[in-house]
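K.L.:
Model the following, please.
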Amino acid sequence: MFEKNLEQMNNLKFYGMLSAYRSAVESKQSFTNDELISMLIQAEWEDREYRKINRHLKAARFRYQASIEEISYEPGRNLDKNLVIRLADCSFIKRKENILLTGPTGVGKSYISSALGNQACHQGYKTLYFNTQKLFTWLKMSKADGAYMKEINRIEKQDLLIIDDFGLQQMDGQSRIAFLEIIEDRHDRKSTIISSQLPVNKWYEVIGDSTIADAILDRLANSAHRIDLKGESLRKKK
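P.N.:
Numbering: from 1, shown residues only. Modelled structure (predicted):
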């Protein structure tokens, strides 16, 4: 009976339950029926949650394996620890709010973005991380092979989208329209984090078209938390 139960649990993909059942039988612990059922259900739930988090983390493709606990708040960074802790509970995602991270190169924008994204994955939110140039290059390639709308729809469905290193290059017409489409689709529906070396008022120049820039920044900035990092490059210090 024991081996048959294990086989059926495996066939049903109840891997957490299978492991807990095997351990309970091998340890020869005594359980009431209610205790055993509760223990098996809890083990299966925890295993599925663990696997879901790992799927989210793998799909997100973060630049850094970053964590909230490792963020530095040393003087001169202009980083409010209380704000970061509030953002780390991911309630901003529930409220469909954005985060705009700015500051000079090397001050930790990408790390903070990845840490918040990692936190979102652990809380069950679907998250996607992109370097800006790679995002628009990828969208251009998908347009060439007819998969553009499929990829735009996939981006739209993410609970949290992280666009890193925004503004390193001037946008061309195709990238501009794609960016507007992404932001329009996500406005008041999903959350977006954008990091950039440039202050937000310089993003108009990067986007290039004033009408489109107005439309994008109006949707981004009205429901955004602003973090303007300062100080020397952390990479140089290391």
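K.L.:
Next, Thr137: secondary structure please.
P.N.:
Classification of Thr137 into helix, strand or coil gives helix, according to DSSP: H, G, I helix; E, B strand; the rest coil.
K.L.:
mind listing what it touches?
P.N.:
Neighbour list for Thr137: empty [criterion: CB atoms under 8 Å, 6 or more residues apart in numbering]. Glycine gets a C-beta too; all of them are placed from N, C-alpha and C.
K.L.:
In the chain, mark out all the strands, start to finish.
P.N.:
98-102, 127-131, 160-166, 191-196, 224-228 (DSSP state E).
K.L.:
The last one pairs with which strands, parallel or anti?
P.N.:
Note on strand 224-228: by DSSP bridges, its sheet partners are strand 98-102 (parallel).
K.L.:
what angle sits between the strand it pairs with and strand 191-196?
P.N.:
10 degrees (axes from the mean of the first three to the mean of the last three CA atoms, to 10 degrees).
K.L.:
about what we covered before: reformat the strands of the chain into a markdown table and put mean neighbour count, mean pLDDT and distance to Ala213 next to each item.
P.N.:
Output for the strands of the chain, formatted as a markdown table (neighbours: other CB atoms under 10 Å; pLDDT from 0 to 100; distance: least, CB to CB, whole Å):
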| stretch | mean neighbour count | mean pLDDT | distance to Ala213 |
| --- | --- | --- | --- |
| strand 98-102 | 23 | 96 | 14 |
| strand 127-131 | 22 | 94 | 20 |
| strand 160-166 | 25 | 96 | 13 |
| strand 191-196 | 24 | 97 | 14 |
| strand 224-228 | 17 | 94 | 15 |
